[in-house]
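1. Sequence and computational prediction follow.
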Amino acid sequence: MLQKLSLAVLGTTVVVMSANPASAVTMQVNSGMFSSYSDAKTVTFDDGTANDPNGFVTYSNITTNIVQGSVASQYASPYGDDTKFLTIAPSGSGVAGDSDFVNIKFKEAINYFGFYAGSLDSYNYIDIYSGGQLLKTFSGANVPTAIADGSWTSSEANMFVNLVGEADEKFDQVVMRSNGIAFETDNHAYRLAGQSVPEPNVMLGVLAIGACGITSLFKRLQH
């Protein structure tokens with residue numbers, strides 16, 4: 001009986017593990033200007049700086065990158081956003097935010113980073129690092145459901161983008177860069193890996209598996 005029970009538990013474990021593929025960082029989207037993750041911390045740039053009020057993030061290579069509104073041929077405010085935001089343009093382009101890239105480092109490992117993207121273009125890039133090692137690079141063309149054509153008003157070019165570390169994947173650095181004018185983002189959100197909790201549907205799944213296992217054990221013991 002114990003052998004059969006062990007095999008049954010092992011079978012359940014294999015199913016659970018197969019539902020969680022090898023570590024990776026995936027990209028998702030949600031509507032609205034803010035993260036849909038309730039446990040995320042946010043940097044809004046509303047005070048005109050790239051300072052994190054929570055004290056976990058350091059932005060570097062910031063020059064004239066924080067702007068407001070729209071200026072033709074320079075930058076466009078993400079749709080519906082009338083607050084200050086971050087813009088990145090190629091070095092030497094002579095426009096606001098022409099720092100080429102912005103480096104974002106976290107004091108603790110995170111497993112989630114998100115941002116409200118405005119007028120997405122295929123030449124907008126996000127590099128994800130862990131311990132100085134490049135894990136993955138995304139471009140505007142990789143954003144699910146997006147049409148990265150630089151539209152100022154289209155919902156297919158203005159959306160909230162989420163980069164999620166699956167399984168045990170963590171990262172501690174994000175580099176945002178652009179090969180063209182420009183890469184506009186606001187409301188950067190992140191989640192510390194050490195303080196994360198499973199999503200509600202994951203917890204329900206775990207509880208259901210546990211309940212089934214206990215019920216099965218009681219039935220076998222009765223027999």
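-> Nice, thanks for sending it over.
2. Could you check how far the closest residue to Ile88 other than its chain neighbours is from Gly55?
-> Counting by Cβ to Cβ, 6 or more residues apart in numbering, the nearest residue to Ile88 once its immediate chain neighbours are dropped is Phe183, at 4.3 Å. The way it works is simple: take the backbone N, C-alpha and C, and place the C-beta from them, glycine included. Applying Cβ to Cβ, to the nearest Å, the value for Phe183 to Gly55 is 25 Å.
3. wait, Glu184 sits on Gln74?
-> No. The pair Glu184 and Gln74 fails to qualify as a contact (Cβ atoms under 8 Å) at a distance of 10.1 Å.
4. quick one, which of these two is more surrounded?
-> Set side by side, Glu184 and Gln74 show more neighbours around Glu184, with 30 against 17, by other Cβ atoms under 10 Å.
5. So what's the residue count around Asp149?
-> The local packing of Asp149 (other Cβ under 10 Å) involves 13 other residues.
6. For it, give the beta-bridge partners.
-> Under DSSP bridges, the beta-bridge partners of Asp149 are Asp121.
7. In this structure it contacts Ala157, no?
-> Yes. With contacts counted by Cβ under 8 Å, Asp149 reaches Ala157, the gap being 5.9 Å.
8. Spell out which residues are contacts of both of those two.
-> Common contacts of Asp149 and Ala157 (Cβ atoms under 8 Å, 6 or more residues apart in numbering): Leu120.
9. what are the ranges of the helices in this structure?
-> In the chain, helices defined by DSSP state H lie at 2-18, 200-222, listed in chain order.
10. where does the chain dip in pLDDT?
-> Within the chain, the stretches falling below the threshold (pLDDT under 70) are 1-23, 196-223.
11. buried sites along the longest strand seen in the chain?
-> If you go by DSSP state E, the chain has its longest strand at strand 101-118. Buried residues in strand 101-118, defined by neighbour count with 16 or more other Cβ atoms under 10 Å: 101-104, 106, 110-118.
12. name the helices or strands packed onto that strand?
-> strand 57-60, strand 85-88, strand 124-130, strand 159-165, strand 171-178, strand 183-192 (3 or more Cβ pairs under 8 Å, 6 or more residues apart in numbering; DSSP states H and E).
13. neighbours of the residue nearest to Phe138 when sequence neighbours are not counted, just the number please.
-> Across the structure, with Cβ to Cβ, 6+ apart as the measure, the residue nearest Phe138 apart from its sequence neighbours is Ile126 (4.8 Å). Counted by other Cβ under 10 Å, the residues lying close to Ile126 total 25.
14. Is Ile126 bridged to anything, and to what?
-> Counting by DSSP bridges, Ile126 is bridged to Phe138, Met176.
15. Run through the residues that contact it.
-> Applying Cβ under 8 Å, 6+ apart, one finds that Ile126 lies in contact with 137-139, 163, 174-176.
16. Drop anything exposed from those residues.
-> 138-139, 163, 174-176.
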